[in-house]
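**Q** got a predicted structure plus its sequence, pasted below:
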Amino acid sequence: MERVDCIVVGGGLAGLAAAYGLAAEGLEVMVLERGNYAGAKNVTGGRLYMDPIRALYPELWEEAPFERAVARESITMMGDGAHTTVEVASDRFAGAQPQSYTVLRARFDQWFADKAAEKGAMIVPNMKVDELLREGGGDGRPGRVIGIRAGGDEIGADVTIVAEGVLGMLASAAGLRAEPAARDSALGFKEVIELPAGVIEDRWRLNEGEGAAHLFMGTVTRGMLGGGFVYTNKESISVGVVVGMAAMLQQAEPVESYKLLDEFKELPQIAPLVKGGTVAEYSAHAIAEGGIARVPKLFGDGYLLAGDAAGLSLNALVTVRGMDFAIASGYHAARAVATAKKAGDTSVAGLARYERALRESFVLKDLETSRAIPRIVENPRLFMHYPRAVSKLAESVFTIGAQPSPRLAKTVWKGARRDFLSLATLKDLWSLRKM
Amino acid sequence: MSLDIVVCVKTNPDAQMIRIKNREPVLEAIPYKVGDLEKNALEAALQLRDAAGGGTIRALTVVEGDRKIRETIKEALAMGADEAVIVADPALAGADQAGIAAALAAAVAKIGACDVLLFGEGSTDNYSGQVGARVAELLGWPQIGYAKKLALAGGGIEAERSMDEMIETLAAPLPVAVTVVSEINEPRPISLMNILKAGKKPVTEWTLADLGLDAVGAQKRIVSNLAEEQDRKHVLFAGAVDEQVDAFVNALVKEGVVGR
């Protein structure tokens, strides 16, 4: 069997970050990507938070093909025919070192793949891995992962980094993780709509090069767990809807989920933003939302799990993260493998430093902090009752009718008593303390 | 017998990935790959070498400046070429077919060991079909175009040419330049094992100066490269699914697209 030091399954951010680091250490590394090119199968909303990963591979980020530095964050709660938006801007969001950038994965991942290739990594597109090869298993133990089988060939490696993405089919088949459950998964639909840069800056009131991130919750998902999003790229916008799979399955009527995106785009507050644009890309993707409770064991004899394949993503309602986790897990995977190789021990004991490093980093710490979120957000009132109630109350405050108006305080009190002063709200508030 | 073969390989933007914006192709973030007919040429080279019982196959390409050619040319090495030669020079930017041919001919001369020089009949992107013939002329070699079958015969090569309504059989001594059409063979799929081996095969890089050339000036330049404009009718059918399908089929029949 032909051998390399390390095989990376999947040319997404986790896999490429691992390959880049390993190649830089002089190891022979091969990345197998089933798409036409790195990034072909990847979908992000989305944006990349930089501060968590800035110190990892600092030489890379200066020239990375980011879209726009996010200068403004907005969240819109959508009710029936009324909505309320909270908008937050800060000089520090898009200052000298912007905290987050919008990205387009087709462009970003290809650039990252080129960087890894420059370091000496072998990037092989159009190559679907069929199986993780193991030996010495039995008695319920998976055995050592010794390489992969792809396109009829078997290639051996000291370590296989499984960064195959959210569905984790290879890892599941090899018994390295559980199959994803509907309860812990969401489905995202996204269109990239091209608009001239000037139009984007006018419509979103942005300075040149700056961007906006806008999340929507409430009627956009018909009250199901999830929401809508709009991110501005350089010369396009990313518009999409994410819905919890379990919430969708619980609906009495089957939900044609892709229609949610069409409905979103036709809303009176979205239609003028996308007007005149050309749809350049359509994509759909599963999202892991189970949090740390669903993160499998991240290492074993001869293998590591990284990125979405390891369940490393976090939807905390106002912030949605995954790509920074992917890059950090790839970085730590590369360091762990390089150290293990030098020590001549790529067994469970030699690779354990990978999970230790992630535990000490923001990746597992942030996921641990947010342990309760996946269960909190199963509360349908968050996506149905509150967006409606907030919009209704705000609408009443700004309404002048034909009849004499009551005192403002009375209007607010009436609305609050109607929709917010209840045992259910107290219980919801109590649950939110763990967010 | 030992047969040394050089296959000229052009790497093209992946045509399936190109979008048209304002009638122009968007080439940003488009991966490059070995052209389809060049793969036929590589396959022909592998079969000829097997028939001869030995020899070296070199993939030769020219590229301007900084394009990511090293990754792309590995495709040719993974298919079975033994070595790759890359002529990379910023001065090749904007070169026309004459300039590319001059660089290729000089490179083939410098390689020296070449009994058969193979090309695709035309490139996947521009398909001018000129370069093979120009290189043959510069080298003073016989050239066979539209080859759909190649065999070694009598110390030279015998080729069937695909003409519209006939097949012409030609014989030529070595060295010879041949441009092939897609009918000639089915290029072999690239295996992971061969990709792995390709990474270890020698790649030589030359500049124009290494070939004794200064600039390869262009006598032609591309003024515009526009996609054909297509008027879409934008007809939407409403109603129940059955009604929509009926209306759709009727419209297709009316347009003469299907049935009568």
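**A** Nice, thanks for sending it over.

**Q** what's near enough to touch residue 229?
**A** By default, I'm working from chain A. For A:Phe229, the contact set (CB atoms under 8 Å, 6 or more residues apart in numbering or on different chains) comprises A:45-46, A:213-216, A:238-242, A:320. Just so you know, the C-beta spots here come from the backbone N, C-alpha and C atoms, and that holds for glycine as well.

**Q** if you could check chain B rather than the one you did, that'd help
**A** Per CB under 8 Å, 6+ apart, neighbours of B:Glu229: B:Arg23.

**Q** so it, which state does it fall into?
**A** Three-state call for B:Glu229 (DSSP: H, G, I helix; E, B strand; the rest coil): coil.

**Q** gap between it and chain A?
**A** 15 Å (CB to the nearest CB, to the nearest Å).

**Q** in what helix or strand does A:Gly415 lie?
**A** Per DSSP states H and E, A:Gly415 falls inside helix A:408-419.

**Q** pick the one among the contacts of A:Phe229 closest to chain B.
**A** A:Ser238 (15.4 Å; CB to the nearest CB).

**Q** now do the SS call for the closest one.
**A** Three-state call for A:Ser238 (three-state DSSP): strand.

**Q** near chain B, from the contacts of A:Phe229?
**A** Among the contacts of A:Phe229, no residue sits close to chain B (CB under 8 Å from any CB of the partner chain).

**Q** still on that earlier bit, chain center to the next helix or strand after the helix holding A:Gly415, what's the gap?
**A** Sequence-wise, the next helix or strand downstream of helix A:408-419 (DSSP H and E) is helix A:423-432. The chain centroid and the centroid of helix A:423-432 are separated by 28 Å under CA atoms, centre = their mean, to the nearest Å.

**Q** and A:Ala293, what does it touch?
**A** A:371, A:374.

**Q** part of a helix, is it?
**A** Yes. Applying three-state DSSP, one finds A:Ala293 inside a helix.

**Q** secondary structure class for the residue lying closest to A:Gly330 once chain neighbours are set aside?
**A** What sits nearest to A:Gly330 in space, not counting adjacent residues and going by CB to CB, 6 or more residues apart in numbering or on different chains, is A:Ala17, at 2.8 Å. Following three-state DSSP, A:Ala17 is assigned to helix.

**Q** circling back to that earlier point, format the contacts of A:Phe229 as CSV; extra columns: neighbour count.
**A** Listed next are those as CSV, based on neighbours: other CB atoms under 10 Å in any protein chain shown:
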residue, neighbour count
A:Gly45, 22
A:Gly46, 22
A:Ala213, 25
A:His214, 22
A:Leu215, 22
A:Phe216, 25
A:Ser238, 25
A:Val239, 24
A:Gly240, 26
A:Val241, 26
A:Val242, 26
A:Val320, 23
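
**Q** which of these lies closest to A:Leu312?
**A** A:Val320 (13.0 Å; CB to CB).

**Q** and chain A, which of its residues are near chain B?
**A** Proximity of chain A to chain B, by CB under 8 Å from any CB, involves residues A:2, A:4, A:30, A:32, A:36-37, A:106-107, A:110, A:114, A:117, A:122-125, A:127, A:150-153, A:155, A:194, A:278, A:280.

**Q** and the pLDDT at the residue nearest to A:Gly330?
**A** The model reports A:Ala17 with a pLDDT of 98.

**Q** confidence score at the residue nearest to A:Lys128 when sequence neighbours are not counted?
**A** Residue nearest to A:Lys128 in three dimensions, not counting chain neighbours: A:Arg34, with 4.1 Å by CB to CB, 6+ apart. pLDDT for A:Arg34: 94.

**Q** A helix includes A:Arg34, no?
**A** No. Counting by three-state DSSP, A:Arg34 is not found in a helix; it is coil.

**Q** B:Gly53 contacts B:Ser2, correct?
**A** Yes. Using CB atoms under 8 Å, B:Gly53 is in contact with B:Ser2, at 7.4 Å.

**Q** for A:Phe362, see how far away A:Gly291 is.
**A** The gap separating A:Gly291 from A:Phe362 is 15 Å, by CB to CB, to the nearest Å.

**Q** tell me which of these two has more neighbours.
**A** A:Gly291 (22 against 17; other CB atoms under 10 Å in any protein chain shown).

**Q** gap between the residue nearest to that one when sequence neighbours are not counted and chain B?
**A** Nearest non-adjacent residue to A:Gly291, counting by CB to CB, 6+ apart: A:Pro374, 4.3 Å away. Taking CB to the nearest CB as the criterion, A:Pro374 is separated from chain B by 34 Å.

**Q** so A:Pro374, which of the three states?
**A** Following three-state DSSP, we place A:Pro374 in the helix state.

**Q** which ones are touching it?
**A** If a contact means CB under 8 Å, 6+ apart, then A:Pro374 has A:184, A:289-291, A:293-294 as its contacts.

**Q** and A:Ser313, by the same measure?
**A** When contacts are counted by CB under 8 Å, 6+ apart, A:Ser313 touches A:166, A:287-289, A:321-322, A:325.

**Q** check B:Asp4 too.
**A** With contact taken as CB under 8 Å, 6+ apart, B:Asp4 is in contact with B:55-58, B:113-116.

**Q** distance of it relative to A:Leu421?
**A** 89 Å.

**Q** and B:Arg23, by the same measure?
**A** On the measure of CB to CB, B:Arg23 and A:Leu421 end up 61 Å apart.

**Q** the helix ranked longest in chain B: which residues count as buried?
**A** If you go by DSSP state H, chain B has its longest helix at helix B:36-52. For helix B:36-52, the neighbour count (16 or more other CB atoms under 10 Å in any protein chain shown) marks B:37-46, B:48-49, B:52 as buried.

**Q** if we can go back for a sec, now render the contacts of A:Phe229 as a markdown table, adding pLDDT.
**A** Listed next are the contacts of A:Phe229 as a markdown table, based on pLDDT from 0 to 100:
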| residue | pLDDT |
| --- | --- |
| A:Gly45 | 76 |
| A:Gly46 | 84 |
| A:Ala213 | 96 |
| A:His214 | 96 |
| A:Leu215 | 95 |
| A:Phe216 | 95 |
| A:Ser238 | 96 |
| A:Val239 | 96 |
| A:Gly240 | 95 |
| A:Val241 | 94 |
| A:Val242 | 94 |
| A:Val320 | 87 |
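
**Q** next up, the contacts around A:Ala150.
**A** By CB under 8 Å, 6+ apart, the contact set of A:Ala150 is A:32, A:127-130, B:192.

**Q** swap the cut-off to 6 Å and go again
**A** Residues near A:Ala150 by CB atoms under 6 Å, 6 or more residues apart in numbering or on different chains: A:32, A:127, A:129-130, B:192.

**Q** can you list the strands that whichever helix or strand comes after the longest helix of chain B pairs with?
**A** Next in sequence after helix B:36-52, counting helices and strands by DSSP H and E, comes strand B:57-63. For strand B:57-63, the paired strands and their directions (DSSP bridges) are strand B:5-8 (parallel), strand B:83-88 (parallel).

**Q** and for strand B:57-63, what's in contact with it?
**A** Contact partners of strand B:57-63, identified using CB under 6 Å, 6+ apart, comprise B:5-9, B:45, B:49, B:69, B:73, B:76, B:81-88, B:92, B:100, B:103, B:107.

**Q** in chain B, which spans are strands?
**A** Secondary structure of chain B (DSSP state E): strands at B:5-8, B:11-13, B:19-21, B:24-26, B:32-34, B:57-63, B:83-88, B:116-120, B:143-153, B:156-162, B:167-172, B:176-180, B:203-206.

**Q** so A:Ala333 makes contact with A:Tyr303?
**A** No. A:Ala333 is not in contact with A:Tyr303 according to CB atoms under 6 Å; the separation is 10.1 Å.

**Q** now the terminal residues of stretch A:89-106, how far apart.
**A** End-to-end distance for stretch A:89-106, by CA to CA, to the nearest Å: 28 Å.

**Q** oh sorry, the question was meant for stretch B:4-19
**A** One end of stretch B:4-19 sits 40 Å from the other (CA to CA).

**Q** alright, I will stop here.
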